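Peer 1: got a predicted structure here, sequence first:
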Amino acid sequence: MSLRGPAPAKAQQTHPPEIAQWYTRLLRGAPVATRSVQIPAGGRVHLLENGEGPPLVLLHGSGVAAGFFLPLLKE
């Protein structure tokens with residue numbers, strides 16, 4: 001039995017409607033562009049982009065929304 005090989009397909013995570021609506025309201029008027037990127041390991045990553053220059057990657061954990069970083073993106 002090989003431990004290597006393609007990863008099993010993962011189900012796309014979706015947020016409940018209430019969370020999706022809250023997130024939409026939070027980002028309305030924010031100085032960011034949003035997009036989703038398919039990653040090679042499977043799944044999707046949602047990005048918030050702002051500014052110019054070298055990229056700075058801010059990661060958040062479970063239970064904390066990316067909106068937590070919005071004050072930093074306004075600078």
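Peer 2: On my side now, so go ahead.

Peer 1: break down the protein into its helices, ranges please.
Peer 2: 17-27, 70-73 (DSSP state H).

Peer 1: got a list of what His60 touches?
Peer 2: With contact set as CB atoms under 8 Å, 6 or more residues apart in numbering, His60 has these partners: 66, 68-69. C-beta: built from backbone N, CA, C; applies to glycine.

Peer 1: so how far is Val45 from Arg35?
Peer 2: Separation of Arg35 from Val45 (CB to CB, to the nearest Å) stands at 9 Å.

Peer 1: kindly report the same for Trp22.
Peer 2: With CB to CB as the criterion, Trp22 and Val45 are 20 Å apart.

Peer 1: between these two, point out the one with more neighbours.
Peer 2: Using other CB atoms under 10 Å as the criterion, Trp22 and Val45 rank with Trp22 on top: 14 against 9.

Peer 1: where does the protein have its least confident helix or strand?
Peer 2: helix 70-73 (a mean of 74; mean pLDDT, DSSP states H and E).

Peer 1: and for the nearest residue to Glu49 once chain neighbours are set aside, the neighbour number?
Peer 2: Counting by CB to CB, 6 or more residues apart in numbering, Ala33 is the residue found nearest to Glu49 once chain neighbours are left out, at 4.7 Å. Using other CB under 10 Å, Ala33 is surrounded by 9 other residues.

Peer 1: let me know the pLDDT of Ala33.
Peer 2: Here the pLDDT value assigned to Ala33 is 86.

Peer 1: got a list of what it touches?
Peer 2: Listed by CB under 8 Å, 6+ apart, the contact set of Ala33 reads 48-50.

Peer 1: quick one: the strands in the protein?
Peer 2: In the chain, the strands defined using DSSP state E lie at 33-38, 44-49.
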